[in-house]
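# I'll drop the sequence and a predicted model, then ask my questions.
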Amino acid sequence: MTDETPQPAETAPGRDVPPDHLSVHPSSPHFNAEVLQRGVGIRFKDRVRTDIEEYSISEGWVRVQAGKTVDRKGNPLTIKLSGPVEAWFEDLGEDPPVAKKDG
């Protein structure tokens, strides 16, 4: 037996990229606290954005807050913007693997 533990598939080289769909709201089914704690960088339409509430790489959209407007439950109103989305983990340093839509 060796003392080495096998790496999980998602941390193997070349596969350590954020999920296809992620949200910062705990009530969303696409919320993942462990992934968000690592820090996810988002590039939308060739511009790095820090105000993304939710994204989907395969569907090509992001949701951003619409000013300071809130709904009747106190949640921020968001708008959906379409375009190319790229995501990466910020804790991987200078040149991390990037998740983006193929084609």
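That came through fine. Numbering: from 1, shown residues only.

# can you pull out the strands in this structure?
With DSSP state E applied, the chain shows strands at 21-23, 40-44, 47-49, 52-56, 61-70, 76-82, 85-89, 99-100, listed in chain order.

# so which of the ones you listed comes closest to Asn32?
Of all the strands of the chain, the one in closest proximity to Asn32, counting by Cβ to Cβ, is strand 21-23 (6.4 Å). Quick note: C-beta positions are derived from backbone N, CA and C, even for glycine.

# helices and strands around the closest one, which ones?
The helices and strands touching strand 21-23, judged by 3 or more Cβ pairs under 8 Å, 6 or more residues apart in numbering; DSSP states H and E, are strand 52-56.

# What strands line up against the strand it packs on, and which way round?
Using DSSP bridges, the neighbouring strands of strand 52-56 in the sheet come out as strand 21-23 (antiparallel), strand 61-70 (antiparallel).

# Centre of the chain to that strand, how far?
6 Å (Cα atoms, centre = their mean, to the nearest Å).

# By mean pLDDT, which helix or strand of the protein comes out lowest?
One helix or strand of the chain scores below all others by mean pLDDT, DSSP states H and E: strand 99-100, with a mean of 89.

# Now do that strand: which elements does it pack against?
Where contact means 3+ Cβ pairs under 8 Å, 6+ apart, strand 99-100 is packed against strand 85-89.

# what about the strand it packs on, average pLDDT?
For strand 85-89, mean pLDDT is 95.

# Kindly calculate the angle that that strand makes with strand 40-44.
For strand 85-89 against strand 40-44, the angle between stretch directions is 160 degrees (axes from the mean of the first three to the mean of the last three Cα atoms, to 10 degrees).

# that older thread, in a markdown table: the strands of the chain, plus distance to Pro29 and mean neighbour count.
As requested, those are arranged in a markdown table below (distance: least, Cβ to Cβ, whole Å; neighbours: other Cβ atoms under 10 Å):
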| stretch | distance to Pro29 | mean neighbour count |
| --- | --- | --- |
| strand 21-23 | 8 | 18 |
| strand 40-44 | 17 | 19 |
| strand 47-49 | 23 | 11 |
| strand 52-56 | 11 | 20 |
| strand 61-70 | 14 | 14 |
| strand 76-82 | 16 | 13 |
| strand 85-89 | 18 | 21 |
| strand 99-100 | 19 | 17 |
